[in-house]
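Student: model the following, please.
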Amino acid sequence: MKKRNTPYVILACITIVFIFYALVDNYVIDPEAKDFLSQKTGLTRELKTHVWLNVMYVHVAFACIAMAAGLLNFSNRIFVKSRRLHRINGYIYFLSVLLVVLTSGYMAPYATGGKISSMGFNALNIIWLLITITALVQIKKKRIASHRNWMIRSYAFCFTNMLIHLTTFVFHQGFGFHYTTSYAIGVYASIVLLLVIPNVIIRTSGQLK
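Tutor: Numbering: from 1, shown residues only. This next block holds a predicted model:
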């Protein structure tokens, strides 16, 4: 029994730590995002910092809600004990993803790395939304196994920011690339990883316990 719970426990630990980090970093340590905004050079349109920050706050808040809601809905205990709670939580996840995508769409033109990064973020948003809609369609058709697999694919995108920054760190600090170049690489590398990793998980474990 303990073995079967290991993947979920690992996922829960990573998710909780990342949510805590995102909330503390964006609302306590650097609420004005000075470090991040200092990397934005060569923007083709004026960045209205006050508006951008408010959108960013909404973006981070609903990204964290999506991560928490998705984590809870991967719990078989919740699914077995209360289908209604699972269903409500699922809609919370879907609405949170929608708001994350919409706010990301606003911030995309101001992405670090310029137009190339902006295009990458728009691609990420479209792919994530389409995958999440597919998961919703599958459950409406009572295809539970297919719904769960598409939800695994969708939930992976909750870790987009983490993957982008990890990849950026590797190329910037490890290989000495310029930060903006590293960030752009991080965006596109994340698209590939977020499409590949969930399918590996689905094939090797089938589902989280």
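Student: per-residue confidence for residue 128?
Tutor: Residue 128 is assigned a predicted lDDT (pLDDT) of 98.
Student: neighbouring contacts of whichever strand or helix holds residue 66?
Tutor: Element membership of residue 66 [criterion: DSSP states H and E] is helix 49-73. Judged by CB atoms under 8 Å, 6 or more residues apart in numbering, the contacts made with helix 49-73 from elsewhere in the structure are 11-12, 15, 18-19, 22-23, 26-27, 31-33, 37, 78-79, 86, 89-90, 92-93, 96-97, 99-100, 103-104, 106-107, 110, 151, 154-155, 158, 161. In short, each C-beta sits where N, CA and C put it, glycine included.
Student: inside strands: which ones of those?
Tutor: If you go by DSSP state E, the contacts of helix 49-73 have nothing in strands.
Student: which PyMOL command selects the buried ones in the residues you listed?
Tutor: Selecting only the buried entries of the contacts of helix 49-73 in PyMOL, with 16 or more other CB atoms under 10 Å as the criterion:
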select buried, resi 11+12+15+18+19+22+26+33+37+79+86+89+90+92+93+96+97+99+100+103+104+110+151+154+155+158+161
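Student: where does pLDDT dip in the protein?
Tutor: When the per-residue scores of the chain are filtered using pLDDT under 70, the ranges that remain are 1-4, 41-42, 206-209.
Student: 90 - rerun?
Tutor: Filtered on pLDDT under 90, the chain yields the residue ranges 1-8, 34-47, 76-83, 112-115, 203-209.
Student: center of it, which residue is that?
Tutor: Centroid-nearest residue in the chain, with CA atoms, centre = their mean: residue 158, separated by 2.0 Å.
Student: quick one: contacts for that one?
Tutor: For residue 158, the contacting residues are 15, 63, 66-67, 70, taking CB under 8 Å, 6+ apart as the criterion.
Student: one more: residue 37?
Tutor: Residue 37 sits in contact with 47, 49, 52, where contact means CB under 8 Å, 6+ apart.
Student: what's the burial count for the second one?
Tutor: If I follow you right, that is residue 49. By the measure other CB atoms under 10 Å, the count of residues near residue 49 is 13.
Student: in this structure, which spans are helices?
Tutor: All helices of the chain, identified by DSSP state H, fall at 2-24, 34-37, 49-73, 76-81, 83-107, 115-140, 144-156, 160-169, 179-205.
Student: is it possible to export the ones you listed to CSV including distance to residue 43?
Tutor: CSV is the format used below for the helices of the chain (distance: least, CB to CB, whole Å):
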stretch, distance to residue 43
helix 2-24, 24
helix 34-37, 10
helix 49-73, 11
helix 76-81, 44
helix 83-107, 12
helix 115-140, 10
helix 144-156, 30
helix 160-169, 18
helix 179-205, 11
